[in-house]
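Engineer: test case, fold it:
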Amino acid sequence: MVVSTALYTNFKEGRCLTYIGREGQAHGSGSEQALLVPMIEQARPFASDKTLFTADAGYHSEANLKALSEQGVQALIADALMRSRDERFKDQGKYKAGPDPLYDKAPAPKITGSGKFRPQDFSYDTKSNTCICPAGASLYSNGSHCTTRGRTHHKFTGAKRDCVPCKLRDQCLRTPHKTLVRQVAFFHRGRTSPLTHTQVMKRRIDSAQGRALYGRRIATVEPVFGNLRHNKRLDRFTLRGQRKVDTQWKLYCMVHNIEKLSHHRYAQ
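Structural biologist: Modelled structure (predicted):
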């Protein structure tokens, strides 16, 4: 059951003022993606033209990024591979929990290459739009203007009558016991279609400014969960049913907000 939260940051007079916009609601859904746009819509009345919304990879989808772009919402939405592209996290693997101490400590064998046929091993004639596999069989065209990540390509597929009895199946297919035929794509040079919203967001969040702005998120939104889970000991819901869980979650959020106002001497 997902508990939704939202984060937005206002930039005023060169300073960063960050607020947590809490929808304070438990949803009977195992995915967070469908909750991003509704949460931002609820937080927008408190935002300004200098507001930046941020969200983690659980809210990332092409549909969400497209909706935010069409609405003119300034946002930084992380994707699942964001940290793998950031050189600051190149050593993050050593902090992951190791396997059982009794596991086999012998070094894993190094894989020097798959040994499989690659697209360059196929004979592709751009003039006649034909493709011949290393075994000499002709593949049929099943898409001359396919698009993948903003790049167009020509896709070919082998026929069952040629691929199934072929003696080179083990060299051609990664899983010859499951896959019947081979598919191969030849990409055209250059980008012939506009960038997707995901690609635009990756460029934005991978920039120096994007990393600096998104880096502030962990110090603003995560302490809320730390307070509720560690200090308030809400490490699990003790009730059952969406309505009861929602009530319990809102109660803890209310206590958190009252405590925050009290610590900042709001009454004075």
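Engineer: domains in the protein, by residue range?
Structural biologist: 2-84+196-263, 119-187 (automatic domain parsing).
Engineer: now mean pLDDT and mean neighbour count too, for the ones you listed, in JSON lines please.
Structural biologist: (C-beta placed from N, C-alpha, C; glycine too.) JSON lines is the format used below for the domains of the chain (pLDDT from 0 to 100; neighbours: other CB atoms under 10 Å):
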{"stretch": "domain 2-84+196-263", "mean pLDDT": "80", "mean neighbour count": "15"}
{"stretch": "domain 119-187", "mean pLDDT": "88", "mean neighbour count": "14"}
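Engineer: dump these to JSON lines, plus distance to residue 98.
Structural biologist: As requested, those are arranged in JSON lines below (distance: least, CB to CB, whole Å):
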{"stretch": "domain 2-84+196-263", "distance to residue 98": "19"}
{"stretch": "domain 119-187", "distance to residue 98": "29"}
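Engineer: can you give me the strands for the stretch 1-150 of the chain?
Structural biologist: 2-12, 15-27, 51-55, 75-77, 123-125, 130-132, 138-141, 146-148 (DSSP state E, counting those that start in this stretch).
Engineer: check which helices and strands the last one sits against.
Structural biologist: When you say that, I think you mean strand 146-148. Applying 3 or more CB pairs under 8 Å, 6 or more residues apart in numbering; DSSP states H and E, we find strand 146-148 packed against strand 151-157, strand 183-187.
Engineer: skipping adjacent residues, who's closest to the residue nearest the centre of the chain in space?
Structural biologist: Geometric centre of the chain, nearest residue: residue 79, 3.1 Å, by CA atoms, centre = their mean. What sits nearest to residue 79 in space, not counting adjacent residues and going by CB to CB, 6 or more residues apart in numbering, is residue 60, at 4.9 Å.
Engineer: residue 78 is in contact with that neighbour, correct?
Structural biologist: Yes - with contact defined as CB atoms under 8 Å, residue 60 and residue 78 form a contacting pair (6.3 Å).
Engineer: could you pull out the helices in the protein for me?
Structural biologist: Using DSSP state H, the helices found in the chain span residues 36-43, 62-71, 160-163, 169-172, 197-206, 208-215, 222-226, 242-263.
Engineer: perfect, I'm done here.
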